[in-house]
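Q: Got a predicted model here, sequence first, then my questions.
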Amino acid sequence: MNPEHRALVERHLVGPRSRVIRPAGVHRGKSRGRTSNPQYAIVDDASYCRLRGEEGIRARLVVDFGFPLRGRWRVQVLRSSGTPLSVSAAEALRFLDAPPGAANGGEAPGGAPGAQVFTPPKEEAALIQARETSTFRYLAISTGGEGWADIRMVDAQVEGEIMTPADFSGAFFCDDEELTRAWYAGAYTAALCLRDVPGGVTGRSVLSATSRGDRPPRAAEALAAMETLFAVSARRDVVRDLLVSLEETLRERGDRPGAGGGSGAGAPHGEDDEDSLWWVVAAANYCHETGDAAFLDRALPAAEELTHRCMARVGPGGLYVAGAPWRRAWSPGRRRVGAVTFANALLIWALRSLASMCLWAWQEERWASIRAVARNLARAVNERLWDDDAGAYVESDADRARHPLDANIFCPMLDVSLPLHAERALSYVRRTMRTSYGTLSEDGDDAGAEAGAGRVWPFLNSFEAMARFRAGASEEAFDVIGCCWRNMLRRDPQFTFWEWVGPDGGPEDASTACAGAAAAGVTMLLSDEVLGVTPLAPAYEEVLVRPRPGWLARCEGTRGTVRGPVEVHFEADEEGGASVVRVRAPRGVKCSVDPTGILEGREAEVALFVVGDDGERVALHTHEIRAGGAKLIPIEAGPEARLEIRYRDE
């Protein structure tokens, strides 16, 4: 990464810079009762803050660490009257005001669920520490009633990843400061979900589904998280270890043929099929990103077995029907039956991913035959699962009344849809499911009729934005980003992205993890769709740069690859009559630039220059691009390539 980008990363970096940190401030609006000198609890000197509770009135001090962190809090009590103290930590302020919960076998006086209650020795110093690691931004310290306590110091011991500018192989900046912040908030969200490998292996981490570390990610979450990690840093070891672990889990659970259990195919059910298909897609994406030949040798046989099992359930109508009903996180109140549209789209994606792996393994005949199977399945989806009256894909052949988000974004994104179907499906989504805080997962009355209804899943919104970028609708994609991720940035706790967004646009309740590994897709979108850096061959042997800046007047960044950084800079002049794209790719990489995402159907003249280290420009070619036309412009790797775009008057 060049020094200028490294300095900008330093400026925008989110998160702790050391293992022990002090609060950034006191939240006076949430503190109450007789609290003297609250600011003294967060400074490192001999002063102290006194909490004094009176009859019927508890004193409370709330400190703010400035951003969510994962670790253990500590409170040093200088002396007290022996009154019980309740200490509760929360990711968002609204969680601190939740009803009291049980702690130490009893009620925590005035604390949030999970609050810890301590009775420090009378007139003696004491150090109160969290019993378990947790994720929090705020800490509330309350008296149990009458009595007082002098708080000498509050701090936190940080656990997990502490990212420095040196850890970044990617970067993003633009003239919209909030979008720039979103890229780094996504990077920090992913970092919060990394844990040290059990056993203390130095430099190795594992990925959890959330910052709470309460469960490993499922295969779909792993795919979303790995794309963020690739955009931010060179943590390919984390991704590889995760994919190996997931494959072993599938084997143990009996999802792999011959793995035992049930009827040869492991007595699978719908959710297992979905995990298997997501794993195939994630494994192919990893191979494409890294060119890891050893992993390809391992993954290809597993991917063939997993997709073959699902293809065995394709019925006479040409559609896949799962072994048992599907029930996804974003439709918790309902099981999906029949030939589910989303399930068939996911199978098509897995088949194409398998075909790509066969091609990389020099199995060209297998590649061609698998692609043909995927085309036949796509044809059946369009013939049997499209509702022309609604202009959208149905839930399944057994439920044609619903038109869910997943069916109507994955089919266009994967080019399963016919062109007109794709346009109409995305229009239907915008018309029936868009809210001010993102896109719902269900349409019509069903969006508010079931458990978990009214939620927005950033995981799904990532794919919706991707579908719109690839359909040439950049401004609509930016609208999705604005509704979903800007909303989270503007709400407490501000610096991370949540598993899901509640019906009021905020984190729903204390069960909502405010840092979800699959929720940081905006970082991937800004690097891979807005900057537009895409590998055309495994390990970036060949790269396509297709910027899609939308309404941005300037955006730039670095996309780290296994062959070195690819730098992209876009800038439009103030009058809008011209634009400049600068690209620098590693030597030995075949690189092309596609300006159609900038032109958006306009006619233009594109002049290509090479810029030397001394800044001197050397003209190479001029290209004429007609309205609505496309053009791949090869550039020389190593030196900076400069494309000057002048738009024709309409």
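A: That came through, no problem.
Q: for the stretch 301-450 of the chain, what are the low-confidence residue spans?
A: Applying pLDDT under 70 to the stretch 301-450 of the chain flags residues 324-334, 444-450.
Q: all helices of it, in order?
A: 341-360, 364-384, 405-413, 419-433 (DSSP state H, counting those that start in this stretch).
Q: ok, now the stretch 151-300 of the chain?
A: For the stretch 151-300 of the chain, the helices defined by DSSP H, counting those that start in this stretch cover 177-192, 219-232, 236-253, 270-290, 293-311.
Q: Show me how far the fourth one is from its chain's centre.
A: To tie it back to what came earlier, the one meant is helix 270-290. When distances are taken as Cα atoms, centre = their mean, to the nearest Å, helix 270-290 is centred 16 Å away from the chain's centroid.
Q: just the angle between that helix and helix 219-232, please?
A: With axes from the mean of the first three to the mean of the last three Cα atoms, to 10 degrees applied, the angle from helix 270-290 to helix 219-232 works out at 20 degrees.
Q: re earlier: I'd like to know which of the helices of the stretch 151-300 of the chain lies nearest to Asn37.
A: For the helices of the stretch 151-300 of the chain, the distance to Asn37 is smallest for helix 177-192, at 32.2 Å, taking Cβ to Cβ. No exception for glycine: its C-beta is placed from N, CA and C like everyone else's.
Q: Can you give me the end-to-end span of stretch 550-558?
A: 19 Å (Cα to Cα, to the nearest Å).
Q: Could you pull out the buried residues of that stretch?
A: By neighbour count with 16 or more other Cβ atoms under 10 Å, stretch 550-558 contains the buried residues Gly550, Leu552, Cys555, Glu556, Gly557, Thr558.
Q: Find the nearest non-adjacent residue to the third one, please.
A: In space, not counting the residues next to it along the chain, Cys555 is nearest to Cys174; the distance is 3.8 Å by Cβ to Cβ, 6 or more residues apart in numbering.
Q: ok, now which ones touch the one you found?
A: By Cβ atoms under 8 Å, 6 or more residues apart in numbering, Cys174 lies in contact with Thr180, Leu526, Val530, Pro549, Leu552, Arg554, Cys555, Glu556.
Q: what about 10 Å?
A: By Cβ atoms under 10 Å, 6 or more residues apart in numbering, the contact set of Cys174 is 180, 182-183, 526, 530-531, 549, 552-557, 570.
Q: Repeat that for Leu243.
A: Each residue near Leu243 by Cβ under 10 Å, 6+ apart is listed here: 219, 222-223, 226, 279, 282-283, 285-287, 292, 295, 298-299, 302.
Q: Do I have it right that Arg137 meets Gly71?
A: No: Arg137 lies out of contact with Gly71 (Cβ atoms under 10 Å); the separation is 11.5 Å.
Q: what's the burial count for Glu541?
A: Counted by other Cβ atoms under 10 Å, the residues lying close to Glu541 total 15.
Q: State the distance from it to Ser579.
A: 28 Å (Cβ to Cβ, to the nearest Å).
Q: What of Val416?
A: Distance from Val416 to Ser579, by Cβ to Cβ: 33 Å.
Q: Show me what the mean pLDDT comes to for stretch 210-221.
A: Regarding stretch 210-221, the rounded mean pLDDT is 91.
Q: List the buried residues in that stretch.
A: So, applying 16+ other Cβ under 10 Å, buried residues of stretch 210-221: Thr210, Ser211, Arg212, Gly213, Pro216, Pro217, Arg218, Ala219, Ala220, Glu221.
Q: Out of the residues you listed, the closest to Pro412 would be?
A: Proximity to Pro412 was ranked across the buried residues of stretch 210-221 by Cβ to Cβ; first place goes to Ala220, at 18.4 Å.
Q: Go ahead and confirm that closest one touches Val281.
A: Yes: using Cβ under 10 Å, Ala220 is in contact with Val281, at 8.8 Å.
Q: what touches both of the two?
A: With Cβ under 10 Å, 6+ apart as the test, Ala220 and Val281 both reach Leu346.
Q: for this protein, which strand is longest?
A: Counting by DSSP state E, the longest strand found in the chain is strand 60-80.
Q: helices or strands next to the helix or strand just after that one in the packing?
A: Under the assignment DSSP states H and E, the closest C-terminal helix or strand after strand 60-80 is strand 85-90. Secondary-structure packing of strand 85-90 (3 or more Cβ pairs under 10 Å, 6 or more residues apart in numbering; DSSP states H and E): strand 60-80, helix 93-96, strand 102-103, strand 116-118, strand 126-129, strand 134-143, strand 147-158.
Q: again, only this time at 6 Å
A: With contacts taken as 3 or more Cβ pairs under 6 Å, 6 or more residues apart in numbering; DSSP states H and E, strand 85-90 sits against strand 116-118, strand 134-143.
Q: For Leu531, which non-adjacent residue is closest in space?
A: Spatial nearest neighbour of Leu531, excluding adjacent residues (Cβ to Cβ, 6+ apart): Val568 at 4.6 Å.
Q: State the helix or strand in which that neighbour lies.
A: Element membership of Val568 [criterion: DSSP H and E] is strand 566-572.
Q: what does that strand rub up against?
A: Applying Cβ atoms under 6 Å, 6 or more residues apart in numbering, the contact partners of strand 566-572 are 531, 533, 545, 547, 549, 553-556, 558-559, 579-585.
Q: From the residues you listed, list the buried ones, please.
A: 531, 533, 545, 547, 549, 555-556, 558-559, 579, 581-585.
Q: which one of those sits closest to Leu440?
A: Looking across these and measuring by Cβ to Cβ, the closest to Leu440 is Pro549, at 27.9 Å.
Q: wait, isn't the closest one in contact with Gly557?
A: No: in this structure Pro549 lies outside contact range of Gly557 using Cβ atoms under 6 Å: 11.5 Å.
Q: Sitting in strands, which of the buried ones among the contacts of strand 566-572 do you find?
A: Val533, Val545, Cys555, Glu556, Thr558, Arg559, Ser579, Val581, Arg582, Val583, Arg584.
Q: that older thread, give me the more crowded residue out of Arg137 and Gly71.
A: Per other Cβ under 10 Å, whichever of Arg137 and Gly71 has more neighbours is Arg137, with 25 against 22.
Q: can you tell me how far that one sits from Pro507?
A: Distance, Arg137 to Pro507, by Cβ to Cβ: 11 Å.
Q: Repeat that for Cys358.
A: Distance from Cys358 to Pro507, by Cβ to Cβ: 43 Å.
Q: got it, and Glu305?
A: In this view, Glu305 and Pro507 are 40 Å apart by Cβ to Cβ.
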